[in-house]
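J.: coords below, sequence missing:
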């Protein structure tokens, strides 16, 4: 397994990115409700992950990363369905999705 410090560092980066995506999405009126909902769920889960990461249970950490990656998949899917999304929103969501996917694959 990856060193716990590395996992925490990468998830800290994801958390900052998700907070940025949330702020960006709220500033653009053309973000669909479905995409906004996905982003808000991702934001809630990244906020909740702090407690889960305090666990020494590797399975809990895997499950947390898996859930975050699934939520980012949903956001990416909604992004692809959206007709008009600001490029800044698109890039931020795709980068966060890629980071979570990479982390998930490195943990499994």
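T.: Here it is on my side, so go on. Since the model is a prediction, treat every value here as computed from it, not as a measurement.

J.: How is residue 89 assigned, secondary-structure-wise?
T.: Following DSSP: H, G, I helix; E, B strand; the rest coil, residue 89 is assigned to helix.

J.: How about residue 22?
T.: helix.

J.: right, and it touches residue 43 too?
T.: Yes - judged on CB atoms under 8 Å, residue 22 makes contact with residue 43 at a distance of 4.7 Å. Every residue, glycine included, has its C-beta placed from N, CA and C.

J.: Looks like residue 86 contacts residue 24 (just checking).
T.: Yes - between residue 86 and residue 24 a contact is recorded at 7.5 Å, counting by CB under 8 Å.

J.: who has more neighbours, those two?
T.: Per other CB atoms under 10 Å, whichever of residue 86 and residue 24 has more neighbours is residue 24, with 17 against 14.

J.: how near is the more buried one to residue 35?
T.: For residue 24, the distance to residue 35 equals 11 Å [CB to CB, to the nearest Å].

J.: Next: residue 15.
T.: For residue 15, the distance to residue 35 equals 19 Å [CB to CB].

J.: Give me the more crowded residue out of these two.
T.: Shown here are residue 15 and residue 35; by other CB under 10 Å, residue 35 has more neighbours (24 against 19).

J.: Please name every helix or strand in contact with the helix or strand that contains that one.
T.: In the assignment (DSSP states H and E), residue 35 maps to helix 33-53. Other helices and strands packing on helix 33-53, by 3 or more CB pairs under 8 Å, 6 or more residues apart in numbering; DSSP states H and E, are helix 4-27, helix 58-81.
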